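Student: I'd like to go over a predicted model; first the sequence, then the structure.
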Amino acid sequence: MIELSDVHKSFGSKDVLRGVNLTLPKGESMVIIGGSGTGKSVLLKCVLGLIQPDTGSIAVDGQDVTRLRQGSSERDAFLARFGMLFQGGALFDSLPVWQNVAFRLLRGSLKRPKSEAREVAIEKLRRVGLTPDVADLFPAELSGGMQKRVGLARAIAAEPEIIFFDEPTTGLDPIMSGVINELIREIVVEMGATAMTITHDMSSVRAIADDVAMLHGGVIQWSGPVKDMDASGDPYVTQFISGSADGPIETVR
Amino acid sequence: MSFLATIGRTVLGFLAAIGSVTLFAMETVSHLFRPPYYPREFGHALLQIGYFSLPVVGLTTIFTGGALALQIYAGGARFSAEAVVPQIVAIGMVRELGPVLVGLMIAARVTSSIAAEIATMKVTEQIDALTTLSTNPMKYLTLPRVLAATLVMPVLVGVGDVIGIMGGYLVGVERLGFNASTYLRNTVDFLEFLDIVTSLAKGAVFGFLAALMGCYFGMRSGRGAQGVGRATKGAVVAASVLILAANFILTELFFAA
Ligand SMILES: Nc1ncnc2c1ncn2[C@@H]1O[C@H](COP(=O)(O)OP(=O)(O)O)[C@@H](O)[C@H]1O
Ligand SMILES: [Mg+2]
């Protein structure tokens, strides 16, 4: 279970998060929607401790993770439970694709023999719709959508309990988006993982989400089960779903 | 008033930078004693920093050794001291020019590439990704590079010293008419053990500074392509200035007494 309460974060004079309250029960899939630049990625990074919130608390299974010291064994144990797909993929361009996917399995506490790690990598690549011949390419040789899928394979490679996906389907064709949506759903159902996904793609939202939360103006504007989303009555959510230029969300920001 | 404020801000900023560089250096060194280690990264850094720098080190020092011989010959002729060319070339190369020139070439070649690489990793969230994959970027990126540079620089400086002296020798024997065996004997007899030790020790310090600055500026890179450019420029300038300053301080320490 992940609980954020009153999380604030500013960069210089820019207030990005202004008191976010959000609860994500174990084993659920939450989708966060919101306009670009509203701080969705910042929110995920706060939970992972990549960005230190200014105030507020973030608890994962009751443990306040904002207090974990960089490099401490508690923090290592905490991070070992996570998988994260970064918005830009964030693949290591000095390593071939399979070593990116198997990164965790090639060093540290989860280290396995090289051949075994490679097999796991190829299996995960197959799950995101990539053939084994991409395994030995370097990230720079892949298209953006393929890089995204390699990032996804890396996020799920060590079978984490909690997975964050930052815009998993952006830049993919509709068919591949469908494959990825299904995969995320499968991971939550089969592996019992807790997932937090950022997306702008409403078909993804409907395919992936148990719960939906909308971030706007630095706070959670609305949250609830996905089935209530269409009839939320919240003008922000309604505008976002319909993609209309008319409504409370400014189109210049 | 605003003039004073500017001075004050600059001084404070400078002190803050010294503080944070010192902390960064201490953290880097502390990882030397705390596993896990990444031997593959270390090996890769040794190869990149050491082996692939050899051509640049050789070229820089051979030309400088040659020019030094010509200058000393011309200058020495003014008071009929042309014969000291071998000794002065040896001393000049080993004590001073070898370490400084190799240090500056490493700042140009290695510091810039470390800074650009790490800054790009930072900008494209690869550093964040390392962290989420339970890998400490300081252990995985910084320590291997800094350690490799510190260990391999004395070797590069040693090679540079020898090639520099050889440059002087070639010019001395081929152009200035020195007797080959006399030139070599004068060089060998004149150099002291301390000269060589200090030369290599300077190399180690310069290597540490060069790699440290690359990592420091890379890790603190701002966002976007501009951030990478700034980080690289800052790293090379800081490494060069620090190497020259450290050279002065070390020379003072070693030879003042
Ligand atoms: N490291 C940072 N330094 C300064 N500003 C940042 C940083 N990270 C994000 N921001 C700013 O925070 C805002 C929210 O960014 P982000 O979370 O990436 O938006 P999105 O909701 O599209 O994911 C943006 O205006 C961005 O410029
Ligand atoms: Mg984002």
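Tutor: Everything's here; your move. Ligands and ions are numbered 1, 2, ... in the order given.
Student: show me where the stretch 1-150 of chain A has strands.
Tutor: A:2-11, A:14-24, A:29-33, A:55-60, A:63-64, A:82-85 (DSSP state E, counting those that start in this stretch).
Student: Write out the residues of the stretch 101-250 of chain B neighbouring ligand 2.
Tutor: Not one residue of the stretch 101-250 of chain B sits near ligand 2, judged by C-beta under 5 Å from the ion. From N, CA and C alone the C-beta is placed, and that goes for glycine too.
Student: Excluding residues flanking it in the chain, which one is nearest whichever residue of the stretch 101-250 of chain B sits closest to ligand 1?
Tutor: Closest to ligand 1 within the stretch 101-250 of chain B is residue B:223: 6.3 Å, counting by C-beta to the nearest ligand atom. Counting by C-beta to C-beta, 6 or more residues apart in numbering or on different chains, residue B:123 is the residue found nearest to residue B:223 once chain neighbours are left out, at 6.2 Å.
Student: For the closest residue to residue A:112 other than its chain neighbours, give me its contacts.
Tutor: Nearest non-adjacent residue to residue A:112, counting by C-beta to C-beta, 6+ apart: residue A:105, 5.0 Å away. Listed by C-beta atoms under 8 Å, 6 or more residues apart in numbering or on different chains, the contact set of residue A:105 reads A:111, A:112, A:116, A:117, A:120, A:121, A:157, A:158.
Student: Those residues of chain B touching chain A, which are they?
Tutor: B:36, B:38, B:121, B:124-126, B:128-136, B:138 (C-beta under 8 Å from any C-beta of the partner chain).
Student: how about a cut-off of 6 Å?
Tutor: With the criterion set to C-beta under 6 Å from any C-beta of the partner chain, chain B comes near chain A through B:124, B:125, B:126, B:128, B:129, B:132, B:133, B:134, B:136.
Student: Check those one by one and keep those near ligand 1.
Tutor: By C-beta under 6 Å from any ligand atom, no member of those lies near ligand 1.
Student: which SSE is residue 215 in?
Tutor: Unless you meant another one, I'm taking chain A. strand A:211-216 (DSSP states H and E).
Student: could you do chain B instead?
Tutor: Per DSSP H and E, the secondary structure element for residue B:215 is helix B:193-219.
Student: And that helix, what's buried?
Tutor: B:195-196, B:198-219 (16 or more other C-beta atoms under 10 Å in any protein chain shown).
Student: How about the strand holding residue A:215 and ligand 1, touching?
Tutor: No. Using C-beta under 6 Å from any ligand atom, strand A:211-216 stays clear of ligand 1, coming no nearer than 7.0 Å.
Student: next one: that strand to chain centre, how far?
Tutor: Remark: strand A:211-216 is offset 14 Å from the chain centroid, using C-alpha atoms, centre = their mean, to the nearest Å.
Student: could you say what helices and strands that strand packs with?
Tutor: strand A:29-33, strand A:219-225 (3 or more C-beta pairs under 6 Å, 6 or more residues apart in numbering or on different chains; DSSP states H and E).
Student: what's the angle between the last one and strand A:29-33?
Tutor: Spelled out, that is strand A:219-225. If you take axes from the mean of the first three to the mean of the last three C-alpha atoms, to 10 degrees, strand A:219-225 sits at 140 degrees to strand A:29-33.
Student: average pLDDT for the next helix or strand after strand A:219-225?
Tutor: Per DSSP H and E, the first helix or strand lying C-terminal to strand A:219-225 is helix A:235-242. Mean pLDDT, helix A:235-242: 88.
Student: Please enumerate the helices of chain A.
Tutor: Using DSSP state H, the helices of chain A run over residues A:40-48, A:73-80, A:97-101, A:114-127, A:144-156, A:174-191, A:202-208, A:235-242.
Student: tell me, how many neighbours does residue A:57 end up with?
Tutor: 14 (other C-beta atoms under 10 Å in any protein chain shown).
Student: where along chain B do the helices fall?
Tutor: Ranges of helices in chain B, per DSSP H, are B:2-30, B:39-45, B:54-77, B:85-91, B:98-106, B:112-123, B:126-132, B:137, B:143-174, B:180-190, B:193-219, B:224-255.
Student: doesn't residue B:214 make contact with residue B:114?
Tutor: Yes. Contact criterion C-beta atoms under 6 Å: residue B:114 and residue B:214 qualify, at 2.9 Å.
Student: picking that back up, can you say which of the helices of chain A is nearest to residue B:61?
Tutor: helix A:97-101 (38.1 Å; C-beta to C-beta).
Student: which other residues reach the closest one?
Tutor: With contacts defined as C-beta atoms under 6 Å, 6 or more residues apart in numbering or on different chains, helix A:97-101 is touched by A:91, A:92, A:118, A:121, A:124, A:134, A:135, A:137, A:150, A:153, A:154, A:157.
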